[in-house]
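# let me see the structure of the following:
(2 chains)
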Amino acid sequence: MPFRAVFRWTNSSIAHRFSFAAATMALLACALNGLISHHYLSREVEEGIRHRQEARTALIAQRVQQSMNMLSEALDEVTKNPLIETLIQGEILNSRLLRDVLGSIASSKQMALPIALYRIDGRIMAGTQDSLPASLAEQPWFPTLAKGGSAVTVEHGSDRIWVALPVVGLMSAQVDGAVVGVIETERLLRAARSSADSLTLRLEAGGVLLAHSRGSQDISEPLRVRHLLEVDTALKGLNLVLESEQDVALAMAPLREHNTRTLAATLAMMIGVIIAAILLGRNLSRPLRALSRAAQQVAQTGSVEVALPPPGPDEVGGLSRDFGVMLRKLGELTGGLESKVTERTRSLEEVQSLLQLYGERRRVMIENAPYGIMSLDEDSHIEACNPAALKILGRGEEELLGQPLSTIAADPQRITDLLQQSALGEEEPSGHELEARHAAGHLIPIEIALSKVRDGERWIWICTLGDITQRKQAERVKDEFISTVSHELRTPLTSIRGALGLVDAGKMGPIPVAAGRLVKIALSNSERLVLLVNDILDLQKIESGSMQFDAREVSLTEIVQQSIDANEGYARSFDVTLQMGGDMTPMQVFGDPNRLMQIMCNLISNAVKFSPKQGEVEVSIENRGRLAMVSVSDQGPGIPANFRDKIFSRFAQADGSDRRAKGGTGLGLAITKALVEHHAGRISFRGREGGGTVFQFVIPLIDGGRSRNLPQRRSGGLPRILHVDDDADLLNVIATLLSFRAEVVSVRSAAEAEQALAESCFDLLIIDVGLQDGSGLRLLHSPVQGEAPAAMVFTSADRPAHLGELLDWIVKDRTGTERLVAAVNTQIDRIMGSETNAA
Amino acid sequence: MPREALQRIAYVEDEPDIQEVAIIALESIGGYEVHAFDHAPPFLEQVEAMRPQLILLDVMLPGMTGPEILTELRARPETKDIPVIFMTAKVQSTDHQRYLDLGAIRVIGKPFDPMSLSSEIEEAWNALED
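A predicted model of the protein is given here:
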């Protein structure tokens, strides 16, 4: 917790951080310094103290030693001094003289120690100092002298060392007396010691304490040095030891004092540093705090007009300046942003209100549309419908929702077929007329359009339906009118044509030549009018659905043959020959033989009319898998380019003069197309190599082509393309764009494609790689009818590995449909080209 | 063995011009004796007395239509066996078939070719079995 508190404190301000850092550093420096000085310095000092003590002890020992040696020498000299001997023996005791002699000897040795001469009886004769006792007779060692021995002795209880030598008469060789010296060790030590220092000295002789100089009373840390004194002569046996003792604590006291002072100085410095750091930190953080306050103010008030610390040359000053610049920019930006935001908000609001309005309008539109609109799920169950749909069908929402769409139709299969066509993309989303069952029970004609659209993740159907009762009525009125008009026209025509025919035949008697020519003109024009009226009636009936077809199983091959036979005479009148070609095996179709004949006659008579003299019209029929294909080709001038898209429309002949010249009504191809389509077929045309035109139509074979002989590859007809793709839109686009160049069979799964390949033959196979039931590439190895078709691949990913077998591969997602169509067109050209070459 | 030669024909047609053209064609080219009527009542009144060998009926007649006349004729013992040919402006094969189903021996479309009208009727007549 304290650590945390410190941490919080240091983190709360730069000043705190500075001071904490400075204090820590100062503390560390002091501690280090103290440790180092204590460790090294105190040892050094201690060593020094010891050395000094040793040296001083040695010096003192030397002095003591000198004194002792001097005394010893002086005593020895006294014993050897003849004058002394004389004086002792001389009975004449001249004390003064003796004293002088002794004194001179002592002074010659520069010795201050007292020496004295004693008689053998122990009485003093002369001495250098008065401190010596008058008699030594009581001294236990004194008798030793009388026997000629010397005495060195330590007097117990005192600090005196007695040194005594016998004085032997030179002549007599007797002991005449003794010379005695005293060493007062106390004095010696006192003399040796320097003034008042801490050294305490002890002098021992043979374990006896001779002298003890006392320094301080209590020695807590004594440092002892022993020194063995090396004395010569008579003192040798004393074993003198000088021991010094010193109080280390005392000796170290200055150092400790120094340490204490240093510590105090460091502490003072530390405090100073901390204060300086705090001041510096404050100084440093003041502008920062001011900046922070300014930033807070900006944040709180949103105003950029705030007081900033004065910009300066240092970093903080720079920061302040930059902050000011930033604020200014921010001000500009905020100003701009505010206006932009205001503007955007306004436009967003506008858009929202527009969207709302639009959404509302859309809702209103859907709610009030006269057309029924329904959305279906992928399985065509009704999910939602607008009021118009309910009104048209006369049902409530609860009756419709969740029901399959087919339930609304009188013929549910019709809806199923439409859904299928739409799903396969075979049909443009155009209207289909059918009958719906009204809730009241009666049938109502409706028009229905289905389109499959993507709704997020799933596909849904949008179904629009309209009540076309009125339209149907209008159509009926129109049809009736046309029908009536035609019939009404036919009545006078019958008499005109009949009358003219009779006149022309000369049954009414001969007529003048010029009148005969006029009658012929009138007759041929009345015939033309009859044809015209017939064709109009036909077309009207087909289109209104009122034409009745006597449909049954018929042999198309036979009909084609019959049509050739029937038109042979007509062709001859144009000097044109009819040729039958192709595959003449019987091909059964379901149709009205009269209408099929009409189709054939229209095509053949057209071809004949546009053929050159001595030209040839080739009629062929061939089995194209599930379809029978009939082609009628001529060697005529071909169809002008600007006329191609109108060729199947009414009264479409390249020019008016043509129509009259060729004797056509201009309705033949329109009727033919309507008739072919009524037989579930398709009609198309193309230019022929080297001039001429080929008209061809296909009609489904009854057995679906299953029992036919192995079909030939396409020859002369449109190339057949099998396109498998799960993208209905793309299927639709390809089928639509290529519808005039090729017969496109569109399927959405690999399984359907396999079936198609097994049942029919194709010139080109377009494969989408990613299909819902597997990779389309497996189709490359499927069993096929006839020769394997060339294949090209639409892929959304990489180039297929085995491109060797493929004509081309195109990456779908990166190209528009134009590219795809262009690529397919290239392949169609190639197929057509190779065929032309082969031919 | 062919029946007796066709001589007497009754013809009902409300359009006088057509009627005239047809009569001329039948009389001058076919050499037949043609009794023409504008509409059904006088025809039905006289048909038994007239005893025509063949009857030509326009389909669209005011009042009683051709098929209705046919039904009437078939209902009368005197006339039930007289062959009837319809002439019609209707061109649909189904209509034609319907008339044949009613018992007509042939249907001739209008406008007809006056030059071949007689031969077509003659052909139908000859095709009749006894």
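
# so where do the helices sit in chain B?
Secondary structure of chain B (DSSP state H): helices located at B:16-24, B:40-50, B:66-75, B:93-102, B:114-127.

# and those helices, which one's lowest on average pLDDT?
Between those, the one with the least mean pLDDT is helix B:93-102; it has a mean of 81.

# which residues sit against that one?
By C-beta atoms under 8 Å, 6 or more residues apart in numbering or on different chains, the residues outside helix B:93-102 that reach it are A:548, A:550, A:592, A:594, B:59, B:66-67, B:70-71, B:86, B:88, B:90, B:106-107. C-beta here means a position set from N, CA and C on the backbone, and glycine is covered the same way.

# report the buried members of the residues you listed.
Neighbour-count burial (16 or more other C-beta atoms under 10 Å in any protein chain shown) applied to those gives A:D592, A:N594, B:V59, B:G66, B:P67, B:L70, B:F86, B:T88, B:K90, B:R106, B:V107.

# so what's the closest residue in space to A:A505 that isn't next to it in sequence up against?
Leaving out its chain neighbours, the residue that sits closest to A:A505 by C-beta to C-beta, 6 or more residues apart in numbering or on different chains is B:M115, at 5.2 Å. B:M115 is in contact with A:G501, A:L502, A:A505, B:A25, B:I29, counting by C-beta under 8 Å, 6+ apart.

# SS state for A:L434?
For A:L434, the assignment made with DSSP: H, G, I helix; E, B strand; the rest coil gives strand.

# quick one: mean pLDDT over stretch A:204-214.
Averaging pLDDT along stretch A:204-214 gives 73.

# also stretch A:638-650?
The average pLDDT within stretch A:638-650 is 79.

# what residues are up against A:N825?
Applying C-beta under 8 Å, 6+ apart, the residues contacting A:N825 are A:L738, A:R741.

# so how far is chain B from it?
43 Å (C-beta to the nearest C-beta, to the nearest Å).

# residues in contact with the most centrally placed residue in chain B?
Central residue of chain B (C-alpha atoms, centre = their mean): B:L56, 1.0 Å from the mean position. The contact partners of B:L56, by C-beta under 8 Å, 6+ apart, come to B:I9, B:A10, B:Y11, B:V12, B:E13, B:A22, B:V84, B:I85, B:M87, B:I121.

# could you rerun that using 7 Å?
If you count contacts by C-beta atoms under 7 Å, 6 or more residues apart in numbering or on different chains, B:L56 has them with B:I9, B:Y11, B:I85, B:M87.

# so what pLDDT did it get?
We have a pLDDT of 95 for B:L56.

# who's it bridged to?
Counting by DSSP bridges, B:L56 is bridged to B:Y11, B:I85.

# show me what the mean pLDDT comes to for whatever helix or strand A:F7 lives in.
Assigned by DSSP states H and E, A:F7 belongs to helix A:2-12. In this model, helix A:2-12 carries a mean pLDDT of 76.

# for stretch A:596-611, same thing?
Mean pLDDT, stretch A:596-611: 90.

# that stretch near chain B at all?
No. Under the criterion of C-beta under 7 Å from any C-beta of the partner chain, stretch A:596-611 makes no contact with chain B; the nearest approach is 10.2 Å.

# could you check how far A:A5 is from A:Q473?
For A:A5, the distance to A:Q473 (C-beta to C-beta, to the nearest Å) stands at 98 Å.

# what does B:I55 give?
In this view, B:I55 and A:Q473 are 39 Å apart by C-beta to C-beta.

# hmm, back to that, farthest pair within the buried ones among the contacts of helix B:93-102?
For the buried ones among the contacts of helix B:93-102, the maximum inter-member distance is 26.1 Å, found between A:D592 and B:L70 (C-beta to C-beta).

# in three-state terms, label A:G149 for me.
Assigned with three-state DSSP, A:G149 falls in the coil class.

# an error on my part: the question was meant for A:N623.
strand.

# which strand residues bridge it?
A:A628.

# does it touch A:D583 like I think?
Yes. Under the criterion of C-beta atoms under 7 Å, A:N623 makes contact with A:D583 at 5.6 Å.

# of those two, which one has the most company?
A:N623 (23 against 18; other C-beta atoms under 10 Å in any protein chain shown).

# quick one: pLDDT of that one?
84.

# could you check how far it is from chain B?
Separation of A:N623 from chain B (C-beta to the nearest C-beta): 28 Å.

# check A:E527 too.
From A:E527 across to chain B, the span is 8 Å (C-beta to the nearest C-beta).

# pretty sure that residue is touching A:R497, no?
Yes. Contact criterion C-beta under 7 Å: A:E527 and A:R497 qualify, at 6.4 Å.

# give me every residue that touches the residue of the stretch 651-800 of chain A found nearest chain B.
Closest residue of the stretch 651-800 of chain A to chain B, C-beta to the nearest C-beta: A:I671 (12.5 Å). Contacts of A:I671 were listed using C-beta under 7 Å, 6+ apart, and they are A:D535, A:D538, A:L539, A:I542, A:N602.

# helix or strand for A:E677, which one?
Secondary structure assignment for A:E677, by DSSP H and E: helix A:668-678.

# near chain A, which residues of chain B show up?
Remark: the part of chain B in contact with chain A comprises B:15, B:17-18, B:21-22, B:24-25, B:28-29, B:89, B:91-94, B:110-115, using C-beta under 7 Å from any C-beta.

# show me where the stretch 151-300 of chain A has helices.
A:185-192, A:248-301 (DSSP state H, counting those that start in this stretch).

# what residues does the stretch 51-200 of chain A put near chain B?
Near chain B, no residue belonging to the stretch 51-200 of chain A is found when assessed by C-beta under 7 Å from any C-beta.

# flag the shaky bits of the stretch 51-200 of chain A, pLDDT-wise.
A:89-93, A:156-158, A:170-171, A:191-198 (pLDDT under 70).

# closest residue of it to chain B?
Closest point on the stretch 51-200 of chain A to chain B, by C-beta to the nearest C-beta, is A:H51, at 153.4 Å.

# now do the contacts for that residue.
Residues counted as contacts of A:H51 (C-beta under 7 Å, 6+ apart): none.

# ok so, going back, more neighbours, A:E527 and A:R497?
Neighbours were counted for A:E527 and for A:R497 using other C-beta under 10 Å; A:R497 has more, 25 against 18.

# what's the average pLDDT for stretch A:573-588?
For stretch A:573-588, mean pLDDT rounds to 84.

# start to end distance for that stretch?
With C-alpha to C-alpha, to the nearest Å as the measure, the ends of stretch A:573-588 fall 32 Å from one another.

# distance from the chain centre to it, please.
The chain centroid and the centroid of stretch A:573-588 are separated by 72 Å under C-alpha atoms, centre = their mean, to the nearest Å.

# buried sites along that stretch?
Residues of stretch A:573-588 classed as buried under the neighbour-count rule (16+ other C-beta under 10 Å) are A:F574, A:V576, A:L578, A:G582, A:D583, A:M587, A:Q588.

# identify, from the residues you listed, the entry nearest to chain B.
If you rank the buried residues of stretch A:573-588 by distance to chain B using C-beta to the nearest C-beta, A:Q588 comes first, at 20.4 Å.
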